[in-house]
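In: I would like the atomic coordinates for the input below:
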Amino acid sequence: GNNYNPKEDFDYIKSSLRSAGFDTNKLKFWMTETGTYSGDPSSDVDKNLPYLSEKQQSSVLVKIYVSALSYEIDKIFWAWNIVEGFTRDGGIFDYTGLVYDGCDYVNNKYECGSNVGYDKGKGVKKLGYYTYKKMVEVLEGSDWDNIQTIQEQGGVYAYKFIKNGKPVWVAWNDNSVEKQITISGVNSSSVKITEAVPNYESGKDVTNYNTAFKTEIKNIINNKLTIILGEIPVFAEGE
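Out: Residues are numbered from 1 along each chain as shown. Alright, predicted model coming up:
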C-alpha cells in the first residue's frame, strides 16, 4: 500500500546490525526476490491480489529501484527472470517477468497458447521491459554514493542523482490526483523531462523505442524546476 515505508525497515536492519557490532558503512546490502507483477495472479496462494496493468508494473519498477538505491542498497535483483514464469501455479512470481511467456492461469490451471488470459504472446515485451531499459540508460554511471533525497512526503517522492557532473532527478506521485513539485537550486538552463513508461497501454504496441516515451524540454527560471506529476514517474535531466 501507499503507506508502507521500506526505509523504516531498512533503518531497523541497519541499527540492529550496528548494535550487534557491525560497521554498516563497510557492509554491502543486496535486495533479492524483488518485483511486482502485471496481470492477475489467481492461484490459491495469491487470489486476493488485484489486477495490475503493464503501466502499473512499470511505474512500481522505477519506484522500487530508485528508492532502494537511495537507501544505499547496492544490488536489487528482479524476481525471478526477465521472462515470465516461475512455479507455474498462477502465483505472483509467474507474472513479475518483463517479457510474456505465452501462458496464463485460467480455469484453475496454467495454460499456454495464443491469447490465453492477459498474456499478450510468448516473447512479447511488456512496458516494464522498456522502462527498465530507459531507467538504466538514464541512471547508469551515476555517483551511487551521492544520491540526494529531495522529498519523501505527501505521497510525492523525488531524488537527485549526479551523472557525469550533471543532475538527474527522478520523481513520482502516489496520490490519485496530480501534484506539483518545485525543485530549487537548479543550475541548468533547461531540463529534459521524460516519462518513465512508454506512452502506450502495452509493450506490444511499442514499435519504435526511441520515440515511445513522452518528453518535453523545460526552461529553468530563477533556478527552479516545476513538474506536474501524474501517475507515471519522470526522469528530469539537466542540460
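In: Stretch 68-88: which residues count as buried?
Out: 68-73, 76, 78, 80, 84-86, 88 (16 or more other C-beta atoms under 10 Å). For every residue, glycine as well, the C-beta is placed using N, CA and C.
In: How about stretch 101-120?
Out: Neighbour count says stretch 101-120 has 101, 102, 103, 104, 105, 110, 116, 117, 118, 119, 120 buried, by 16+ other C-beta under 10 Å.
In: Same question for stretch 164-177.
Out: 167, 168, 169, 170, 171, 172, 173, 174.
In: Are we agreed that the second one is in a strand?
Out: Yes: counting by DSSP: H, G, I helix; E, B strand; the rest coil, one finds residue 168 located in a strand.
In: could you pull out the helices for the chain?
Out: With DSSP state H as the criterion, the chain has helices at 6-19, 54-70, 127-139.
In: want to throw the ones you listed into a markdown table with distance to residue 228 and mean pLDDT?
Out: Supplementary listing: these in a markdown table, determined by distance: least, C-beta to C-beta, whole Å; pLDDT from 0 to 100:
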| stretch | distance to residue 228 | mean pLDDT |
| --- | --- | --- |
| helix 6-19 | 25 | 90 |
| helix 54-70 | 16 | 96 |
| helix 127-139 | 20 | 98 |
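In: what's the closest of those helices to residue 205?
Out: helix 127-139 (9.0 Å; C-beta to C-beta).
In: just checking, what packs against that closest one?
Out: When contacts are defined as 3 or more C-beta pairs under 8 Å, 6 or more residues apart in numbering; DSSP states H and E, helix 127-139 packs onto helix 54-70, strand 166-173, strand 234-238.
In: what comes up buried for it?
Out: For helix 127-139, by 16+ other C-beta under 10 Å, it's 127, 128, 129, 130, 131, 132, 134, 135, 138, 139.
In: The first one: what's it in contact with?
Out: Which is residue 127. 54, 55, 57, 58, 197, 198, 200, 202, 203, 206 (C-beta atoms under 8 Å, 6 or more residues apart in numbering).
In: In space, what's closest to the residue positioned nearest the centre of the chain - neighbours in sequence excluded?
Out: Nearest residue to the geometric centre of the chain (C-alpha atoms, centre = their mean): residue 62, 1.5 Å. Computed as C-beta to C-beta, 6 or more residues apart in numbering, the closest residue to residue 62 that is not its neighbour in sequence is residue 233, at 4.4 Å.
In: Am I right that that neighbour is in contact with residue 172?
Out: Yes: with contact defined as C-beta atoms under 8 Å, residue 233 counts as touching residue 172 (3.8 Å).
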